[in-house]
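Peer 1: A structural model of the following input is requested.
(one chain, ligands or ions: 1)
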Amino acid sequence: MRALQAWRALGLRPRRGLRIFAALAMCSLGSRAAIHLARRPLLTFAAAPTQATPAPSQITLLGQEEAIAIDEELMSTPGFSVDQLMELAGLSVASAVVEAYPDLRRVLILCGPGNNGGDGLVDLGGPLPHVGMYGVFDGHGGREVAAFCQQHMPQEFLSLARHSQDIFAALRAAFPRMDDMLRAREYHEELLSYRNSRESGGSEVPVEDLQNSIKDDMAEARNRGALSKEGAEHILMKMMMLQRMSASASDPANSVGCAAVVVLITPSNIICANAGDSRAVLCRGGRPVALSIDHKPNLDSESRRIEAAGGTVQAVRRGTFTTYRVNGNLSLSRAIGDLQYKSQPNLPPERQMVTSVPEIIQHPRHSDDEFVVVACDGIWDVKTSSEVCNFIRRRLMRQMPLQMVMEQLLDSCCTGDPKRSMGLGADNMTLIVVVYPKRPDKQLFVNLVTQCEQLKIPVLSELPDLQGFEVALDAVFGFSFKGTPRPPFAEMLKAIQISSLKVMSVDIPSGWDVEKGDTTGDGLQPDALISLTAPKKAAAHFNGRHFLGGRFVPPGIVEKYKLRLPAYPGVSQIVELLDKSEL
Ligand SMILES: NC(=O)C1=CN([C@@H]2O[C@H](COP(=O)(O)OP(=O)(O)OC[C@H]3O[C@@H](n4cnc5c(N)ncnc54)[C@H](OP(=O)(O)O)[C@@H]3O)[C@@H](O)[C@H]2O)[C@H](O)CC1
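Peer 2: Here you go, the predicted model:
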């Protein structure tokens, strides 16, 4: 809405429901277009310098060096500051977008690392599109509760967040909400379906097979006329499994649960909610920063709650290891599911013997942030947070692909001999590593991002689901681009290229050589281009709608660089270059 007001104040035709969104990746350096729209409107353009130059027969095309030199000159002779230039350039870009796409409703603005944009990508695909959500649900007693949380937690969180407009409260409520759903009969069938489904990793033997197997064992014993000790143990085990399965058919989440850790990465914060013994760690400047505390029953606060709810904490020794268990059974003190430990009718969820209410830790994002690791105890029982951070960091610094880093980490946590290691390194392992660009640390861009956030313009870190956008404004690379796009820009540009979005590029279509055009064939193919100050040589290879912006260039610079530029009509900040033969 604020964006719409800005457009109105700029004297541009307001569109019904027009929403302009900006996104800068976390290391973003700012998108002039996006940022401009979010900021105080410029009402002074009628007084902006008019271009005295008459319409030329041939418009100047700048080479890379010349474009850079003029940019520097603008910041010295007439004394423009870089942010003033960005404001003015943004005004031109905004005018061109509205001119080229008069009916547009949503724009995705892609921002690169230089002045051509910030280094981010706009993501407006979902209701909370600027929030990344990463969770590990580590099941015990069965896989069904973990699979259920994986399926339902994101949606429930989103609807709670939409309702409360408070992601903290929504995150806290989403955990016990899972318990409420697990209690409800309507979800039991779904829950039981996860027990054997391949997608959720289920492997339990169907009831019928188990019953038949017991019958076969009994028949064999009858034929032999004897039942060995081992045979009797097998039958007993199968019968117990059967009993557990039929008990859990009526209350499937009574003795099945999961540890849950969920991390939200917003443009300004990292927020972690944890219930259980999984863990999330942030690597900041090479050092681990705890995002969660492992909920083991022997923690003071945990054992106090367990005992107050009528439970006990028992130490169970195995060789040199001691584990602490709730009522001698559960080795964690918070979890989703495990409803048998949450049955005290007079206690609220947070005071039950085992609670699903998470602890929440928040850290403001920082320019030293490198990556976040979210993993289950199968990893943290073997390696410390510091060891995991170092392991990942060293490999990422050697440019090892992330998937390989993760595979190596998991391999290094596996034991070759579970008996000798007393089970250490033999547990299941789930690992998420989120590597993201840093927050900008240049003050100019920090301010611009803050302004976007204050104006409630989503500032995002990942490419969104592109459905629902009509136009992408390509502010990724400008006249300082060299070579071919490096990651992560290469992948982003490809995704935009194969999408059906209309694209308008700012100054240079991203991926194009500034002078020779799209020499590699990997550059964006925009439908429209807005050149700033003067078109660059690459523009001669461009065939779509072409606008020129930059009414701010003073006559002294026009003369010095012998610029031949068209006149700007009226008070307009842009002029459309209709005659291609002039380029
Ligand atoms: N007077 C004007 O015309 C004005 C123009 N403005 C806009 O500013 C850009 C030029 O900004 P600049 O910061 O100089 O350059 P870029 O936006 O192109 O960005 C440079 C950054 O991009 C990185 N880069 C370069 N090549 C690659 C590549 N192959 N892959 C990945 N990244 C790349 C580069 O990083 P390095 O490590 O290589 O240095 C830079 O970080 C101009 O085009 C206009 O749009 C201003 O608004 C002011 C007025």
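Peer 1: all strands of the stretch 351-500 of the chain, in order?
Peer 2: For the stretch 351-500 of the chain, the strands defined by DSSP state E, counting those that start in this stretch occupy 359-364, 369-375, 431-435, 471-475.
Peer 1: Specify the stretch among those strands that is closest to the ligand.
Peer 2: With Cβ to the nearest ligand atom as the criterion, the ligand lies closest to strand 471-475 of the strands of the stretch 351-500 of the chain, at 7.1 Å. (Each C-beta comes from the backbone N, C-alpha and C, glycine too.)
Peer 1: Parallel or antiparallel, which strands does that closest one pair with?
Peer 2: Strand 471-475 sits in its sheet next to strand 106-111 (parallel), strand 502-506 (parallel), going by DSSP bridges.
Peer 1: just the strands of the stretch 351-500 of the chain: most buried one?
Peer 2: Sort the strands of the stretch 351-500 of the chain by mean neighbour count, taking mean count of other Cβ atoms under 10 Å, and strand 471-475 sits at the top with a mean of 29.
Peer 1: And for it, what's in contact with it?
Peer 2: When contacts are defined by Cβ atoms under 8 Å, 6 or more residues apart in numbering, strand 471-475 is touched by residues 31-34, 93, 97, 101, 104, 106-112, 116-118, 466, 496, 499, 501-506, 509-510, 524, 526.
Peer 1: Tell me the bridge partners for the residue positioned nearest the centre of the chain.
Peer 2: Nearest to the mean C-alpha position of the chain, by Cα atoms, centre = their mean, lies residue 132 at 3.2 Å. Note on residue 132: beta-bridge partners residue 265, judged by DSSP bridges.
Peer 1: per-residue confidence for residue 400?
Peer 2: Residue 400 carries a pLDDT value of 86.
Peer 1: Would you enumerate the residues in contact with the residue in the stretch 1-150 of the chain positioned nearest to the ligand?
Peer 2: Nearest residue of the stretch 1-150 of the chain to the ligand: residue 114, at 1.8 Å (Cβ to the nearest ligand atom). Residues near residue 114 by Cβ under 8 Å, 6+ apart: 29, 477, 478, 480, 481.
Peer 1: again with residue 583
Peer 2: 59, 61, 535, 539, 540, 546, 577 are the contacts of residue 583 under Cβ under 8 Å, 6+ apart.
Peer 1: and the residue of the stretch 251-400 of the chain at minimum distance from the ligand, how many neighbours does it have?
Peer 2: Of all residues in the stretch 251-400 of the chain, the one sitting closest to the ligand is residue 399 (14.7 Å; Cβ to the nearest ligand atom). Neighbour count of residue 399, defined by other Cβ atoms under 10 Å: 7.
Peer 1: circling back: mind putting the strands paired with strand 471-475 into TSV with mean neighbour count?
Peer 2: What follows is the strands paired with strand 471-475, written out as TSV (neighbours: other Cβ atoms under 10 Å):
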stretch	mean neighbour count
strand 106-111	29
strand 502-506	26
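Peer 1: And these: which comes nearest residue 301?
Peer 2: Closest approach to residue 301 among the strands paired with strand 471-475 is made by strand 106-111 (43.8 Å; Cβ to Cβ).
Peer 1: just the contacts of residue 583 now: which is nearest the ligand?
Peer 2: Checking the contacts of residue 583 against the ligand by Cβ to the nearest ligand atom gives residue 535 as the nearest, at 10.5 Å.
Peer 1: so the closest one touches residue 550, yeah?
Peer 2: No - look at residue 535 against residue 550 with Cβ atoms under 8 Å: they stay out of range, at 10.2 Å.
Peer 1: how much space between residue 405 and the ligand?
Peer 2: 22 Å (Cβ to the nearest ligand atom, to the nearest Å).
Peer 1: how about stretch 337-353: buried residues?
Peer 2: Residues of stretch 337-353 classed as buried by neighbour count (16 or more other Cβ atoms under 10 Å): 337, 338, 339, 340, 341, 342, 347, 352, 353.
Peer 1: how long is it end to end?
Peer 2: 12 Å (Cα to Cα, to the nearest Å).
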